[in-house]
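In: sequence plus predicted model, see below.
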Amino acid sequence: RDLEKVLNTPTKRARAIFEKLDRGVELSERRISKELGASLSAFVTRGETESLEIALSEGADPNWNSPVTALYAAVDLKRVDYCKLLLAHGASIVKKNSANEGRPITLAMQRPGSKVYNLFIEHISAIERDYSPSTDDSTNG
């Protein structure tokens, strides 16, 4: 935990949580998830990489969607690095934004061949591989 690096974030809600965590104040997982999750899209928009990383490692909800999901913001800004980080922490490519009903996958698919588009194709392929039923050769008579 390197909270000192993020104590100056301009995002007030997140700063309050980071300060409490830095002082060792016990906070519920739900509160951390909600308060830091609500700040993720702001971190993406402002390029606050350390705040984004620390918030996710502390348990921020990567699918907080008000006004938009952090992944949607990252796709919109073509931040492949943020997209990778958010996907690694469970961000949904299909979660709707509360502000505009947009979805990260829809936005990414509007830019075929882009790095974000290719990342999403790889992500979908990995899900397919992980969740496809295995074939049992003994039943293929």
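Out: Great, that's in hand.

In: show me the helices in this structure, by range?
Out: Using DSSP state H, the helices of the chain run over residues 12-22, 29-37, 40-46, 49-58, 70-76, 80-88, 104-109, 115-131.

In: let me know which of those helices is tucked in deepest.
Out: By mean neighbour count, with neighbours taken as mean count of other C-beta atoms under 10 Å, helix 70-76 ranks first of the helices of the chain at a mean of 28. Using the backbone N, CA and C atoms, a C-beta is placed for each residue, glycine as well.

In: adding mean pLDDT and distance to E4, write the helices of the chain out as a markdown table.
Out: Putting these into a markdown table (pLDDT from 0 to 100; distance: least, C-beta to C-beta, whole Å) gives the following:
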| stretch | mean pLDDT | distance to E4 |
| --- | --- | --- |
| helix 12-22 | 95 | 7 |
| helix 29-37 | 95 | 17 |
| helix 40-46 | 97 | 17 |
| helix 49-58 | 96 | 10 |
| helix 70-76 | 97 | 23 |
| helix 80-88 | 98 | 20 |
| helix 104-109 | 96 | 31 |
| helix 115-131 | 93 | 31 |
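
In: got the ones you listed as JSON lines, with distance to L3 columns?
Out: Below are these laid out as JSON lines (distance: least, C-beta to C-beta, whole Å):
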{"stretch": "helix 12-22", "distance to L3": "4"}
{"stretch": "helix 29-37", "distance to L3": "12"}
{"stretch": "helix 40-46", "distance to L3": "14"}
{"stretch": "helix 49-58", "distance to L3": "7"}
{"stretch": "helix 70-76", "distance to L3": "19"}
{"stretch": "helix 80-88", "distance to L3": "18"}
{"stretch": "helix 104-109", "distance to L3": "28"}
{"stretch": "helix 115-131", "distance to L3": "29"}
